[in-house]
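*Asks:* Just need the structure, nothing else, for what follows:
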Amino acid sequence: MSVRRSAAALAAASAVFCVTAAPAATAAPTPSPSAALPAGLYGTKDPTYDGVWRQSLALLAQDVAKTVPAEQAVGWLTGQQCENGGFASYRADASKPCDAKTMLDTNATAAAVQALRALGGHGEAVNKGLEWLKSVQNEDGGWSYNPGMPSDANSTSVVIGAFAAAKARPGEVKSKSGKSPFDALVTFAVPCADKAGGGAFAYQPDEAGKLLANGDATAAAVLAGLGRGLVVSGPEPDGGPAACTSPAKATPEQSARNGAAYLATALAKTGHLDSPPMPGAADPAPLPDFGNTADAVLALSAAGHGDKADRAVQWLEKNSAAWAKDGGPAAYAQLILAAHAHGDDPRDFGGADLVRQLNATGPAPASTTEPPAPRTKSDAGEEHKGGDSAGIWWIVGAGLAAGAGIGILISGRRKSKQQ
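*Replies:* Residues are numbered from 1 along each chain as shown. Below you'll find the predicted structure:
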C-alpha cells in the first residue's frame with residue numbers, strides 16, 4: 001500500500017473505472033490543483049486521489065525513523081475519518097459529514113489504520129477503521145479499491161496488512177460466506193508452471209480469466225501472505241533458496257514465498273522492476289518503476305531474502321532522487337520503509353537524507369533524531385583552545401541529556417503501541 005503501487009496513479013485509474021461503472025451519485029470528485037491545501041497535509045500536489053494514502057505513509061516512515069510527527073499532521077489524518085470508520089481518498093472539507101456520495105477507499109482506510117496504530121493513542125479510530133473494512137468485505141473474502149467492485153490483490157493485501165498491524169488476526173476475518181482474506185489472496189497467485197510469471201500475483205484476472213504477473217500486486221501480496229503490514233523490521237534470513245514450489249495445496253505463506261521468488265528473479269536482471277508502457281505511448285519500451293522496486297525490496301526483506309534485494313537497493317540509491325523529489329511524501333516514505341526493512345540507513349541513502357527530505361514536505365515534526373552537523377575547520381580549532389573545553393563538554397552533556405529525554409519519549413510511545 002499504499003505496500004506498493006504508485007498511489008496517485010492507481011487511485012486515478014480506479015476513479016476513472018468507478019466513474020464509468022458506478023452511479024453518478026458516487027462519481028469521483030474532480031481534482032482541483034489550484035485549491036489551497038490544508039496546513040497539516042504532506043506534499044503540495046493535488047491530493048484528490050492520494051491525500052490520506054500519502055499522509056499515512058509519511059507518518060509510518062517518520063515513526064520508523066524515530067521522528068515524532070507534528071500534532072497538526074496527525075490531526076489532519078484523524079479528521080479525515082468518516083463517522084462509520086472509513087476514509088475517503090481525500091476530503092477537502094472534513095467539517096462536512098460523510099454521506100452516500102462520499103467515495104470511501106479501502107486502501108486509504110487500511111493505510112490510515114496502520115499509521116494510527118503505529119503512532120499509538122488512537123485505539124478508537126483504529127477499531128472503527130477495522131470495523132468498516134470488515135463491513136465492506138466481499139463474499140470471496142477479499143476487498144476492492146472502492147466497495148462494491150470485484151476483489152483485487154492489492155486492496156486485499158493492504159487490508160490484510162491493516163488487520164495484521166493491529167494484531168487482529170486477519171485469517172479470522174470471515175465474509176458472510178465464511179471466506180477469509182487469505183482465501184481470496186491465493187486466487188490471484190500465478191501457478192509456478194506458468195513460464196511467463198510463475199509465482200507472481202495478478203492484480204485481477206483479465207477478461208479471459210487469465211492471471212497475468214504484476215510486480216506491484218506481487219510485492220503487496222508477499223507482505224500480506226506473510227501476515228505483514230507496511231512496516232517490516234529486522235527479518236531473519238530465510239535460509240532457503242528463493243524458488244517457486246507447488247505443493248498439493250498452496251498455503252498463503254507458500255504463495256507469498258513463491259511471489260518473493262518471482263521478485264528475486266525479476267530484480268536479478270536489471271536491479272529494478274519495470275512499468276508497462278502507457279496506452280498510446282510513442283515509445284513502447286518499458287520504463288523503470290521506482291515505487292514498485294522499493295516495494296519489492298520491502299517484500300523480499302520480509303520474506304528473509306534481503307540479499308536478493310541488494311542490487312535493487314543499490315539501483316535505487318543511485319537513481320531514485322529525481323523520482324522521489326517529484327513524487328513527494330509518498331515516494332520518500334516508500335524509500336524509507338524499504339531502506340528500514342533492508343537494514344540500511346534512510347538518513348544516508350546514496351548520500352541522501354530521506355528523513356530530512358520527507359520532513360520538509362509537511363509541518364515540522366515535534367522531534368526528530370538528526371544526524372550530527374558537518375564539522376568545520378573553525379570547530380576543530382576551537383576544540384584545542386583550553387579556555388573553551390569546559391563549554392564544549394557542557395554542550396556535549398546537554399546533548400546527551402536531551403538525547404535521553406527523547407529516548408524516554410520514544411520508549412513511552414512504543415510501550416503505548418503494545419498495550
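
*Asks:* quick one, helices of the stretch 1-150 of the chain?
*Replies:* For the stretch 1-150 of the chain, the helices defined by DSSP state H, counting those that start in this stretch cover 7-21, 51-64, 71-79, 106-119, 123-135.

*Asks:* For Ile160, which residues are in contact?
*Replies:* 170, 181-182, 185, 224, 227 (Cβ atoms under 8 Å, 6 or more residues apart in numbering). C-beta: built from backbone N, CA, C; applies to glycine.

*Asks:* Now with 7 Å, please.
*Replies:* 170, 181, 185, 224 (Cβ atoms under 7 Å, 6 or more residues apart in numbering).

*Asks:* so how far is Gln254 from the nearest residue in space to the first one that is not next to it in sequence?
*Replies:* Leaving out its chain neighbours, the residue that sits closest to Pro170 by Cβ to Cβ, 6 or more residues apart in numbering is Phe163, at 3.8 Å. Separation of Phe163 from Gln254 (Cβ to Cβ, to the nearest Å) stands at 20 Å.

*Asks:* Give me the more crowded residue out of those two.
*Replies:* Phe163 (24 against 17; other Cβ atoms under 10 Å).

*Asks:* how near is that one to Gly225?
*Replies:* In terms of Cβ to Cβ, Phe163 sits 13 Å off from Gly225.

*Asks:* just to revisit the earlier point, and the helix or strand hosting the residue nearest to Pro170, C-alpha only, in PDB?
*Replies:* Under the criterion of DSSP states H and E, Phe163 resides in helix 153-165. The C-alpha trace of helix 153-165 is given here as PDB (Å, rounded to 0.1, in the frame of the first residue of the first chain):
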ATOM      1  CA  ALA A 153      -4.900  -8.500  -5.000                       C
ATOM      2  CA  ASN A 154      -3.600  -5.100  -4.000                       C
ATOM      3  CA  SER A 155      -6.600  -3.900  -2.000                       C
ATOM      4  CA  THR A 156      -6.900  -7.300  -0.300                       C
ATOM      5  CA  SER A 157      -3.300  -7.200   0.600                       C
ATOM      6  CA  VAL A 158      -3.200  -3.800   2.200                       C
ATOM      7  CA  VAL A 159      -6.300  -4.600   4.200                       C
ATOM      8  CA  ILE A 160      -4.800  -7.800   5.400                       C
ATOM      9  CA  GLY A 161      -1.800  -5.700   6.500                       C
ATOM     10  CA  ALA A 162      -4.100  -3.300   8.500                       C
ATOM     11  CA  PHE A 163      -5.600  -6.200  10.500                       C
ATOM     12  CA  ALA A 164      -2.100  -7.700  11.000                       C
ATOM     13  CA  ALA A 165      -0.600  -4.400  12.100                       C
END
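
*Asks:* and Ser246, what does it touch?
*Replies:* 191-192.

*Asks:* still on that earlier bit, identify all contacting residues around whichever helix or strand comes after the helix holding Phe163.
*Replies:* Toward the C-terminus, helix 153-165 is succeeded by helix 181-185 as the next helix or strand (DSSP H and E). Here helix 181-185 makes contact (Cβ under 7 Å, 6+ apart) with 140-142, 151, 153, 156-157, 159-160, 170-171, 173, 221, 224-225, 252.
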